[in-house]
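Novice: starting from these lines, generate the structure:
(chains A and B)
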Amino acid sequence: MNSIKTAVSLYSFQDEYARGKMSLEDCIKELSQQGVEGVELISDQMLHNAPFVSDQDIESWKKLTQKYNVFPACNDIFINTKLYRNRILTQKENLQLLKDELILANKLGFKLVRLVSLTPTDIIENALPLAEELDVIMALEIHGGMGLDHPETKKFTDIMFKVNSPYLGLVVDTGIFCRKHPRVSTQFFLQQGLNKELADYIDNEFAMGRDVFHISHPGTAPAEVQTMIKNKIDQEYLIFAGGYENKPFSDLDKILPYIKHFHGKFWDMTEEGLEYSIPYDEFIDYLKENNYNGYIASEYEGGRFALPGSEIDAISQVRAHQAMLRKYIG
Amino acid sequence: MFDNYVLSDKGFKNVEVNGEVIGYEMRTRITYYRGIPLSMIQDIQLEIDGEEVPREKIKFSPDGENYFTLDEMWTVTTYKWEYGVEGIVFVEQPGGLAEGPHEITLTQGVRVSYIPVPFFGTNTKVLEI
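Specialist: The predicted structure follows:
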């Protein structure tokens, strides 16, 4: 029997939150009404003065998760390495910021923090004793465009394999398993003036089963792609295309024991109840075969491609994504 | 991509202190997806009715209580511009702006850790004083 659990990243509701349509409580209440088991937070998105959140706000977060019976599954954290405009922070300063985040995660009731891709790796081992003491796992995000073959990601996984601590792991974003370029992105960029020939070229690469990461930078794209780049929008579209990796699920074989959590990335739920780009049925079959028993957190990112004049409806999208996950989990 | 966050529809007005109009202000949301210390705001640029506002006339407030010039903001790590909270862009201009519609182009740039270059959001709107 599998015990895959579902969560929702509150990243999904960021537009509703920013516009004041949903409060933090509304977000959590929505999860509870959907029967979602876990909640993923970005503490410096929805809690003020993070990582130095007031005791009162910490109390009220804990009360909300208890009241609505959602488990604090993961807190997404960032190290502000560019805090000053004239220098990047030193290793010692970065380490202190990471420790502050671990302390906050612990106070909020999280057992897991997601370190954003490209988090400095030279502070990880020094933060480990505190992570152990607080019982908070540090897991690096494996994100499309910064996936397993990215040199900075490899630096982290090298440390992770070497240290082999239960407090070091990975949060894998399913954006590395795209079989199609998100159509909401294509529509968005076409409306801004994207060269249709370039969009078709990328769609075709995916259709041929290829990964477009290596051609996604305007400077290194093959000559035939270069000739299709007519303006800034084409360049921007192409760079974005590199964020949708087309990797086989078997890429996870080697790292399975280190995977603490999944970001169930999605952009566009179709009328048939499927994610347009990612074959979640195959993904969940793979996880079941490999006895994964952690969370998959819905992370809606289609809002950024909302066409001018159209409203973002993250709630319907998240509901549809959760329904799909539950169907496949069984 | 969230350029339409840059200029709020509300809060564009002249600012009066002790019966004297000292300038005008408008409201802006961060185009990033989390709150950042003010020192990570790379720049704020403003054009009113086609004319660029000198940067030394601009002050920013994350909360309506504390105001900083753009140069001062480089060192301000004690206050954050919170996600979903409208910051205030204040422009010092005795007498303020004439009543009626004005075309505003506001640009904000933020510097965040894992994106190689600062990124900018721009929004143009006609708002009424």
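Novice: once you drop chain neighbours, what's closest to the residue most central in space within chain B?
Specialist: What sits nearest the mean C-alpha location of chain B, by CA atoms, centre = their mean, is B:Val89, with 3.2 Å. Spatial nearest neighbour of B:Val89, excluding adjacent residues (CB to CB, 6 or more residues apart in numbering or on different chains): B:Met26 at 5.3 Å. C-beta: built from backbone N, CA, C; applies to glycine.
Novice: what of A:Lys154?
Specialist: In space, A:Lys154 is closest to A:Leu148, 7.7 Å off (CB to CB, 6+ apart).
Novice: now swap in A:His261 and tell me
Specialist: In space, A:His261 is closest to A:Val171, 4.6 Å off (CB to CB, 6+ apart).
Novice: specify the beta-bridge partners of the one you found.
Specialist: A:Glu141, A:His261 (DSSP bridges).
Novice: hang on, the earlier thing: buried set for the helix or strand the residue nearest to the centre of chain B falls within?
Specialist: Using DSSP states H and E, B:Val89 sits within strand B:87-92. For strand B:87-92, the neighbour count (16 or more other CB atoms under 10 Å in any protein chain shown) marks B:87-91 as buried.
Novice: I'd like those residues written out as TSV, with distance to A:Glu271 added.
Specialist: Shown next, in TSV, are those (distance: CB to CB, whole Å):
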residue	distance to A:Glu271
B:Gly87	40
B:Ile88	43
B:Val89	43
B:Phe90	48
B:Val91	49
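Novice: which of those residues sits closest to chain A?
Specialist: B:Gly87 (12.5 Å; CB to the nearest CB).
Novice: so what's that closest one up against?
Specialist: By CB atoms under 8 Å, 6 or more residues apart in numbering or on different chains, the contact set of B:Gly87 is B:27-30, B:60-62, B:81.
Novice: among these, which one has the most neighbours?
Specialist: B:Trp81 (26 neighbours; other CB atoms under 10 Å in any protein chain shown).
Novice: and that residue, what's its pLDDT?
Specialist: For B:Trp81, the model assigns a pLDDT of 96.
Novice: distance check, it against B:Gly35.
Specialist: 6 Å (CB to CB, to the nearest Å).
Novice: what do you get for A:Asn246?
Specialist: 34 Å.
Novice: of those two, who's got more company?
Specialist: Per other CB under 10 Å, whichever of A:Asn246 and B:Gly35 has more neighbours is B:Gly35, with 23 against 20.
Novice: gap between the more buried one and A:Val53?
Specialist: Taken as CB to CB, the span from B:Gly35 to A:Val53 is 11 Å.
Novice: got the residues of the stretch 101-250 of chain A near chain B?
Specialist: A:116-119 (CB under 8 Å from any CB of the partner chain).
Novice: what count of nearby residues applies to the residue nearest to A:Asn86 when sequence neighbours are not counted?
Specialist: The shortest distance from A:Asn86 to any non-neighbouring residue, by CB to CB, 6+ apart, is to B:Trp74 (7.9 Å). Neighbour count of B:Trp74, defined by other CB under 10 Å: 17.
Novice: okay but B:Trp74 is in contact with A:Arg85, surely?
Specialist: Yes: applying CB atoms under 8 Å, one finds B:Trp74 in contact with A:Arg85, separated by 5.4 Å.
Novice: quick revisit: now the strand holding B:Val89 - C-alpha only, CSV.
Specialist: C-alpha atoms of strand B:87-92 as CSV (Å, rounded to 0.1, in the frame of the first residue of the first chain):
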residue,chain,number,x,y,z
GLY,B,87,4.9,50.5,-0.3
ILE,B,88,4.6,54.2,-0.7
VAL,B,89,6.6,56.2,-3.2
PHE,B,90,6.7,59.9,-2.1
VAL,B,91,8.0,62.7,-4.2
GLU,B,92,9.0,66.0,-2.6
